[in-house]
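*Asks:* Provided below for reference: sequence and predicted model.
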Amino acid sequence: MARMTMIEAVRSAMDVSMGRDDNVVVFGEDVGYFGGVFRCTQGLQAKYGKTRCFDAPINESGILGTAIGMAAYGLKPCIEIQFADYMYPAYDQITQEAARIRYRSNGDFTCPIVVRMPTGGGIFGGQTHSQSPEALFTHVCGLKVIVPSNPYDAKGLLIAAIEDPDPVMFLEPKRLYNGPFDGHHERPVTPWSKHDLGEVPDGHYTIPIGKAEVRRPGEAVTVIAYGTMVHVALAAAEETGIDAEVIDLRSLLPLDLDTIVQSVKKTGRCVVVHEATLTSGFGGEVAALVQEHCFYNLEAPVVRVTGWDTPYPHAQEWDYFPGPARVGRALKEVMEG
Amino acid sequence: MTDIHPLSLHVPEPAVRPGGQPDFSTVKIAKAGSVPRPPVDVAPEEIRDLAYSIIRVLNRDGEAVGPWAGLLSDEELLAGLRNMMKLRAFDARMLMAQRQGKTSFYMQHLGEEAVSCAFRKALAKGDMNFPTYRQAGLLIADDYPMVEMMNQIYSNEADPLRGRQLPIMYSSKEHGFFTISGNLATQYVQAVGWAMASAIRNDTKIAAAWIGDGSTAESDFHSALVFASTYKAPVILNIVNNQWAISTFQGIARGGSGTFAARGLGFGIPALRVDGNDYLAVYAVARWAAERARQNLGPTLIEYVTYRVGAHSTSDDPSAYRPKTESEAWPLGDPVLRLKKHLIVRGVWSEERHAQSEAEILDEVIQAQKEAESHGTLHAGGKPSVRDIFEGVYAEMPAHIRRQRQKAGY
């Protein structure tokens, strides 16, 4: 067992997958010789050759479009969009093509691709390097959507995504690449080497897509989060002393409804947390499902803690980012409700 | 200092609108046989003029002339004629079926039959087309069963696509025909990716991308040329210029570029322009491009100059935007009549045999139609199950879709 950052875990997942299956190819902007702007593909070109891992032109619709064609041929492309904020030119290829090829051809053609993209804020990236567009993918039938919160999950889920027969959007919270960031930006970040979930097996393993994980068992309130917000929610629970049960969704589509329902039926209270903007965000879907399945168990209205309905600002990053103080206030609010 | 004047916007207009006299005098047409046939390993910059000319084989007298002639046997040409006639008869019957309410929508090929029928013959088994909605000749010429096509058009109980797709959006991996999207231009760059995959795996298969003149304006067209050029993908990039994008004349998409083929030049991609109504010329140019691709020499861009004689689709009325007699004035003639004439000149065909063949083909199409209709049409008879709405979104049905299927009562 090795200690890995999330970058190393993601890289290891691609390395293991490329080693096991010649059909796995990796490409994207800057991913070849250089190894990607976050270094997730470092060393893969040297190890597997430049036809298995290569640089692409700055053309996201072209990256997606060619990956779809490669998948139709029989390859398993695992491609990188340099920032989730850059995926919009590829959105047509993702929603109308990748997501529907199996359905519209009745399985004659399929689209087993993985689209990796660093997501979320916390790095002073401003409005074009901080977005969390996951709800734009969860609204598309035919896609799977994953947001890991730690190196162990990132590797197991990425290998599962590469082996999945359908297109998977794999959003990597970039603020978690080097450590479990809990929103306390003023403090030094604990490195993954000092965290249990930074322990990652070197070889092959998978984590099933569609299964959530309870990160902190509790009785008072259920906090539903994913990605960076898992660590923020854990910090908020500790700091408020409220006995929250923190669920890490890991996979947004398909969603592990059973784990959510089981927990909320137990606690009777629910807070949903994400970095993305509020209106029509994924939290709205979760809140709707909770009231649909747990209405008679609820002691208080479901509360959402999210980014504001504004573009992601630069200087005011920490007033935008839903940190532990905001989540803590929501926990208290829902306990009083 | 020069005087400063107010700016004005240039909005291109076709030469003639309804009520006017059709005028194709500006369409420069090279004499049949006059355009040279370069070796397939020619440097792209040496054949830049081929992007502005028109490669033609059949002359006005029905003779095959010049360096692009002589590639097809009598039997192959007779089969080509038969395929084009079959596609035309198929279109006529399905157009009528749509008018009779047996399906919602149809798109015909009238005037463009040579492009897809001849092109298919330049490919080998295992190669992959990424077609638009007007290349059904790729299926017909590869002997895909007409009854399967009709089942799809009718969305009936035997529809291979289970009623999920608009009529004519066929899919057949076995026949090298990628599932048609209905979305425009997306397939163009996918074809490049498929070709890249074949090269990555050191395979020998090649891909063919298809697009219309109007959709070359989409960014995916540009993306495809960038990727094809960068990775020298073994792909044939086909542009079918049928003059009209629904009601929009080709000048709106083409802009200041002399031709659509010329779009390839800036990418260093050899670009050829060919008479799309000349079965022999289409085949010859497609084969040249296929040879280049198979020899790992990279992509070729081909513009087929043709004319959309029919409406864009059954939802379109061309008399609202172009003169009714425009198709008759089209200077490159009719692809079926031109090949028929050539075969008569060759001494292997006659008016009588043509009429007999037409009757046989019509009978074959009607038989297929009867069989298809025994499985139902869009609003009558057997149809796909409501269950089919929910199947196949994913390889394995996730719980939320299963719950919705149960809610729908299935």
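*Replies:* Good, I have the coordinates. Residues are numbered from 1 along each chain as shown, chains lettered A, B, ... in the order given.
*Asks:* phi, psi of A:Gln291?
*Replies:* Backbone dihedrals for A:Gln291, given as degrees, to the nearest 10, come out at phi -70, psi -30.
*Asks:* how about it, what does it touch?
*Replies:* A:Leu298, A:Val302 (CB atoms under 8 Å, 6 or more residues apart in numbering or on different chains). Where you see a C-beta, it was placed from the backbone N, CA and C, and this is true even at glycine.
*Asks:* what parts of the stretch 51-200 of chain B come near chain A?
*Replies:* B:128, B:130, B:160-162, B:164-165, B:169, B:171-173, B:178-179, B:181, B:183, B:186, B:188-200 (CB under 8 Å from any CB of the partner chain).
*Asks:* now those residues: which count as buried?
*Replies:* For these, a neighbour count by 16 or more other CB atoms under 10 Å in any protein chain shown gives the buried set as B:128, B:130, B:161-162, B:164-165, B:169, B:171-172, B:178-179, B:181, B:183, B:186, B:188-200.
*Asks:* from the contact counts, what lies against the helix ranked longest in chain B?
*Replies:* When chain B is parsed with DSSP state H, its longest helix is helix B:74-99. If you count contacts as 3 or more CB pairs under 8 Å, 6 or more residues apart in numbering or on different chains; DSSP states H and E, helix B:74-99 packs onto helix B:113-120, helix B:137-140, helix B:146-154, helix B:279-294, helix B:335-346, helix B:351-373.
*Asks:* most tightly surrounded among these?
*Replies:* Mean neighbours per residue, mean count of other CB atoms under 10 Å in any protein chain shown, is largest over the helices and strands packed on helix B:74-99 for helix B:113-120, with a mean of 30.
*Asks:* can you name the residues in contact with that one?
*Replies:* B:80, B:83-84, B:87-88, B:109, B:129, B:131, B:134-138, B:140-142, B:208, B:238, B:240, B:276-280, B:282-283, B:286, B:304, B:306, B:335-336, B:339.
*Asks:* who's in contact with the residue of the stretch 1-150 of chain A found nearest chain B?
*Replies:* Closest to chain B within the stretch 1-150 of chain A is A:Gly69: 2.6 Å, counting by CB to the nearest CB. A:Gly69 sits next to B:Phe130, B:Val189, B:Gln190, B:Ala191, B:Val192, B:Gly193, B:Trp194, B:Ala195, B:Met196, B:Ala197, B:Ala207 when contact means CB under 8 Å, 6+ apart.
*Asks:* near chain B, which residues of the stretch 101-250 of chain A?
*Replies:* Looking at chain B, the residues of the stretch 101-250 of chain A close enough under CB under 8 Å from any CB are A:101-110, A:141-142, A:144, A:165-166, A:210.
*Asks:* in what helix or strand does the residue lying closest to B:Gln190 once chain neighbours are set aside lie?
*Replies:* Nearest residue to B:Gln190 in three dimensions, chain neighbours excluded: A:Gly69, at 3.8 Å (CB to CB, 6 or more residues apart in numbering or on different chains). If you go by DSSP states H and E, A:Gly69 is part of helix A:60-73.
*Asks:* so how many other residues sit close to A:Leu255?
*Replies:* 23 (other CB atoms under 10 Å in any protein chain shown).
*Asks:* excluding chain neighbours, what is closest to B:Phe249?
*Replies:* Counting by CB to CB, 6+ apart, the residue nearest B:Phe249 is B:Pro14, at 3.8 Å.
*Asks:* could you measure that neighbour against B:Asn129, distance?
*Replies:* 30 Å (CB to CB, to the nearest Å).
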